[in-house]
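# Here is the input, now give the coordinates:
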Amino acid sequence: MWCKNCNIDTNESTCPICGENTVEDLPVEIYWCSKCKTPIIHLINHPHKGSCPICGEKTKYMAADIRPVFPEERLLIEILLGKEPNEWVEKSVWAANSRYYIDGKSIALSSELFQTADTDQLAKKLDEYKIDNSYTFFNHHIKNFIK
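Numbering: from 1, shown residues only. Just a heads-up that it's a prediction; the model follows:
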């Protein structure tokens, strides 16, 4: 059980310090391992938080929550940002809110970028470059993440 108020782990349904109700799920934090090129999920009170369980290297805080970016979305983001299509095909790409992480480096996207985009041109480029949009590296990064 977790007290959100005191940020402590307890076995009680109410916090022994503040008396507030506790929740079953312990919060998690996401860290980035530069060596493995993967996000690492740690419980907030994990004793080895900040180190990679795969390689043992030191990690850096990334976000409170994260999701994988599938190749189709990655291609869309590359085109929206004026990058070379499939430039990041080999990269480990993740997202949290309006922030994308490419091999652990953060890029914020404004809602204006999506609102002002030429959708006809986007659709044309997505169709043109989808043939080279591979799942090979994406699958590798997901397997590493699951590990």
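# For this protein, which segments count as helices?
Assigned by DSSP state H, the helices in the chain fall at 71-80, 111-115, 119-129, 136-146.
# Let's see the second one as CSV, backbone CA atoms only.
What it means is helix 111-115. Once non-C-alpha atoms are left out, helix 111-115 reads as follows in CSV (Å, rounded to 0.1, in the frame of the first residue of the first chain):
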residue,chain,number,x,y,z
SER,A,111,-0.2,21.5,-30.5
GLU,A,112,0.2,24.3,-33.1
LEU,A,113,2.5,21.9,-35.1
PHE,A,114,-0.4,19.5,-35.6
GLN,A,115,-3.0,22.2,-36.1
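# quick revisit: quick one, which of the helices of the chain gets closest to E20.
helix 136-146 (33.7 Å; CB to CB). Using the backbone N, CA and C atoms, a C-beta is placed for each residue, glycine as well.
# quick one: the nearest residue to D103 once chain neighbours are set aside from F138, how far?
Nearest non-adjacent residue to D103, counting by CB to CB, 6 or more residues apart in numbering: K91, 4.9 Å away. From K91 across to F138, the span is 10 Å (CB to CB, to the nearest Å).
# again, but for A117
A117 is 23 Å from F138, by CB to CB.
# what do you get for P16?
Relative to F138, and taking CB to CB, P16 is found at 45 Å.
# thinking again about what came up before, just give me the neighbour total for the residue nearest to D103.
K91: 18 surrounding residues under other CB atoms under 10 Å.
# Surely it and F137 touch.
Yes. Contact status for K91 versus F137: in contact at 7.4 Å, counting by CB atoms under 8 Å.
# show me the contacts for the residue nearest the centre of the chain.
Closest to where the C-alpha atoms of the chain average out (CA atoms, centre = their mean) is I66, at 3.3 Å. By CB atoms under 8 Å, 6 or more residues apart in numbering, the residues touching I66 are 30, 39, 94-96, 101.
# That'll do, ta.
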